[in-house]
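Enquirer: model the structure of this input:
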Amino acid sequence: MKYSYPILNAEMPGREDVLRLTPNPASKDLLEYLHQEGVETWLDRYEAQQPMCGYGLRGLCCRMCQWGPCRLDNKRQRGICGRDLSTVIMANLVRSLVAGLAAHGRHAHEVILTIMAAAEGKANLPLKGEERVLDVANRLGLTTDGRTIKEIAREVAEVLLEDLGRLTMTPIRILTAYAPRERIETWQTLGVLPRSGAYEIMETLHMTTLGGTSDWTSLTEQELRAALAYCYSTLFGSSLATEMLFGIPRPKVATVNYGILKEDHVNILIHGHSPVMVEKILEKIRTPEIQELARKAGAKGIVVGGMCCTGEELLARYGVPTVTNIMGQELALGTGAVDTVVVDMQCVIPGMKIVADCFGTQVITTCNSNRIPGAIHIPFDPENPEGLDEDALKVARLAVEAFAHRDRSKMHIPRETTEAMVGWSYEAIVDTFGGLKGLLELLREGKIKGIATVVGCNTPKVPYEFNHVTIVRRLIESDILVTTTGCCSHALLNAGLCSPAAASQAGPGLQEVCRSRGIPPVLAVGGCVDNTRTLRLFIDLAEEAGVAMPKMPFVFVGPEPGNEKTVGQGVTFLAHGISNVIGFPGPIPVPLPRPVAGAAPDEYDRGSNPVADFFAGDGLYEKVGARIYTEPYPKLAAQTIRMLIRRQRLALGWK
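Expert: All right, here's what the predicted structure looks like:
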């Protein structure tokens, strides 16, 4: 059965819909198997929450003080403090954005401090990304002649750290170094240039607390300001710093999906977002000592697999196979074959530990920001990194020793594996197309109609991974090149769309492009912080074309919004003039058409509210040149994306 929500002009899937429409046979298999075994998963908890609160779904519930909570509707148009509907909606939205900003900021903080520790010799980590160190230093105008790479990296890290936490009125230096001039002038005119990630978090919470701002339009300005801090303080900070530490990924072929797990091997899954300690753990797992320990335990070898964005990092750099995303983590442990899951920060849901306990899987946490009752805790602290090697070796030993305790009677491993070409850094994409001029020429002549970045989380409000896969298949059929990151990319990787063989599913122009270069029509560019790689591509292609970004045939697509971090991803691209096509309606009331009293039967008022009109109408468009389109049904969403790209091409006079 479906769960109908007329107030949203949408519906949510029931269990039968999820099982029928989930594109990955392995996920479907495990959802059915775990239900039969009586193991609780997100699908059970999701159905137990039906029907969901209509006020919460539409962002009409305010919990920002102890006077409420207050629920707003036509009868109750203000909260107890006097805050109106539009202010409540915007306050909820911008608070959600800065929660994601804080999460990515914590990620950036750890990696930046690790660079400093490596440069100072406190952490036993080489700086593998010399090319990125020098590139960023040159963009920042730092002196490089006569200095060691460690000295230069240390100074770059200091700039990144200052951009993360500055409290004075000084522009973010990475923004000044990477953002297009036309956009910087736009943001200056709007008065939305940020100071830092930390300052914009503080200011947003200040503005939205009891007795703060009651002008909802000023909160829209703060949302743009916070999104720019999100982009240039934390996304760029994390992505660039990781490339400085571990190098710039290059294309390679890898194997993904649940079938990478093996009954006769030690199976270790790596989960989270920060790759720092994981890199060292991977190093220890490959040592003769740990390999011998596995053999003594009776294993034929060790399989390391990834989940979420830490998995994406390892996949992009080393071809370490990934298994699944945030909503698949319980399913992966439900195979009964995972001996240990090592987690760091973010997206590690509590339900994962519930399933781990059902199958005897050992959970090891490595980040003080992420504690789980009953898990072994071996944290990494970038400010005290001297024990990194010893702790990583300890984790590797515990992970392998868990093999002896596996209950083999409970194993259920789907056999699906999928080939994928991964490692699509900014440089890799540009080089593959013969430079920016080569890719731009393909866009102008229409072999590639446009570029859509399809990214984001999962949500149980739509069939698991169905929207991601359905939209992307329709886009590549229409000669639209796709880039992808994060949880969405797991869906597309497992569906085979990131394999060169998927070129056969593309339209004639894109198919020719892919086959001539031996590449897939969908490029997996990394974890969610690596949306910066696509954003850099958009910025530089627009500059090469001599066209402002809002006029280029680019679209941001978030089919399954889930985590708070996805709000910042979308608004980041909006601020750069890239329209968003979003899946299930977010916490903004959906305008519903209503008959006009006393008018003809077929005459309807389209319905509206100020916040929806601002984002989807002319309000935001007049400021940044982009809008939000919400479409929960994937075939219609793909049609909307094609329409947007066609309009941009026609306006440019391209074929």
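Enquirer: hey, let's count contacts and neighbours off CA atoms from now on
Expert: Noted.
Enquirer: can you count the residues close to residue 408?
Expert: 12 (other C-alpha atoms under 10 Å).
Enquirer: my read: it touches residue 336, true?
Expert: Yes. Contact criterion C-alpha atoms under 8 Å: residue 408 and residue 336 qualify, at 7.5 Å.
Enquirer: now residue 508: closest residue in space that isn't a chain neighbour?
Expert: Once flanking residues are discounted, residue 508 sits nearest to residue 479: 7.1 Å by C-alpha to C-alpha, 6 or more residues apart in numbering.
Enquirer: how close does that neighbour sit to residue 540?
Expert: 21 Å (C-alpha to C-alpha, to the nearest Å).
Enquirer: quick one: which of the two has more around it?
Expert: residue 479 (26 against 17).
Enquirer: got phi/psi on the more buried one?
Expert: phi 70, psi 30 (degrees, to the nearest 10).
Enquirer: tell me how far it lies from residue 521.
Expert: 9 Å.
Enquirer: which neighbours do those two share?
Expert: Here residue 479 and residue 521 have 506, 510-511 as joint contacts, going by C-alpha atoms under 8 Å, 6 or more residues apart in numbering.
Enquirer: what about the strands in the stretch 551-655 of the chain?
Expert: Under the criterion DSSP state E, counting those that start in this stretch, the stretch 551-655 of the chain contains strands at 554-558, 580-582, 594-595, 604-605, 628-630.
Enquirer: listing partners with orientation, what would you give for the fourth one?
Expert: For strand 604-605, the paired strands and their directions (DSSP bridges) are strand 594-595 (antiparallel).
Enquirer: before we move on, what about the longest one?
Expert: Sheet neighbours of strand 554-558, with direction, are listed as strand 450-454 (parallel), strand 580-582 (parallel) (DSSP bridges).
Enquirer: mean confidence for the longest one?
Expert: Across strand 450-454, pLDDT averages out at 98.
Enquirer: need the next SSE after that strand, C-terminal direction.
Expert: Note on strand 450-454: by DSSP states H and E, the next helix or strand toward the C-terminus is helix 466-477.
Enquirer: hang on, the earlier thing: any idea which of the shared contacts of residue 479 and residue 521 is the one closest to residue 432?
Expert: Closest approach to residue 432 among the shared contacts of residue 479 and residue 521 (C-alpha to C-alpha): residue 510, at 14.0 Å.
Enquirer: which of the helices or strands spans that closest one?
Expert: Using DSSP H and E, residue 510 falls in helix 508-517.
Enquirer: which stretches of the stretch 251-400 of the chain have low pLDDT?
Expert: By pLDDT under 70, the stretch 251-400 of the chain contains no weakly predicted segment.
Enquirer: so where do the helices sit in it?
Expert: 276-285, 288-296, 308-318, 329-333, 350-359, 388-401 (DSSP state H, counting those that start in this stretch).
Enquirer: any chance of the ones you listed in TSV, plus mean neighbour count and distance to residue 561?
Expert: Below are the helices of the stretch 251-400 of the chain laid out as TSV (neighbours: other C-alpha atoms under 10 Å; distance: least, C-alpha to C-alpha, whole Å):
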stretch	mean neighbour count	distance to residue 561
helix 276-285	20	27
helix 288-296	16	40
helix 308-318	28	15
helix 329-333	27	17
helix 350-359	18	19
helix 388-401	20	33
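Enquirer: in JSON lines: those, plus distance to residue 102.
Expert: Output for those, formatted as JSON lines (distance: least, C-alpha to C-alpha, whole Å):
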{"stretch": "helix 276-285", "distance to residue 102": "19"}
{"stretch": "helix 288-296", "distance to residue 102": "36"}
{"stretch": "helix 308-318", "distance to residue 102": "17"}
{"stretch": "helix 329-333", "distance to residue 102": "23"}
{"stretch": "helix 350-359", "distance to residue 102": "20"}
{"stretch": "helix 388-401", "distance to residue 102": "25"}
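Enquirer: out of those, which is closest to residue 515?
Expert: Nearest of these (C-alpha to C-alpha): helix 308-318, 21.5 Å.
Enquirer: how near is the spatially most central residue of the chain to residue 330?
Expert: Nearest residue to the geometric centre of the chain (C-alpha atoms, centre = their mean): residue 528, 3.2 Å. With the distance defined as C-alpha to C-alpha, residue 528 ends up 20 Å from residue 330.
Enquirer: just residue 465 next, same as before
Expert: 15 Å.
Enquirer: wait, residue 529 touches residue 235, no?
Expert: Yes. In this structure, residue 529 is within contact of residue 235 by C-alpha under 8 Å, at 4.8 Å.
Enquirer: quick one: low-confidence residue ranges for the protein.
Expert: 606.
Enquirer: could the shared contacts of residue 479 and residue 521 go into TSV alongside distance to residue 356 and neighbour count?
Expert: Shown next, in TSV, are the shared contacts of residue 479 and residue 521 (distance: C-alpha to C-alpha, whole Å; neighbours: other C-alpha atoms under 10 Å):
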residue	distance to residue 356	neighbour count
506	40	25
510	43	26
511	43	24
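Enquirer: how is this protein partitioned into domains?
Expert: Taking automatic domain parsing as the reference, the chain has its domains at 3-54, 85-246, 258-410, 420-652.
Enquirer: ok, and the closest non-adjacent residue to residue 226?
Expert: residue 200 (5.5 Å).
Enquirer: residues contacting that neighbour?
Expert: Counted by C-alpha under 8 Å, 6+ apart, residue 200 has contacts 98, 194, 225-226, 229.
Enquirer: and it, what element?
Expert: Short version, using DSSP H and E: residue 200 is in helix 197-208.
Enquirer: distance from that helix to the middle of the chain?
Expert: In terms of C-alpha atoms, centre = their mean, to the nearest Å, the centre of helix 197-208 is found 22 Å from the chain centre.
Enquirer: mind listing what's buried in the following helix or strand past it?
Expert: Where DSSP H and E defines the elements, the next helix or strand beyond helix 197-208 is helix 216-229. For helix 216-229, a neighbour-count test (16 or more other C-alpha atoms under 10 Å) marks 216-217, 219-229 as buried.
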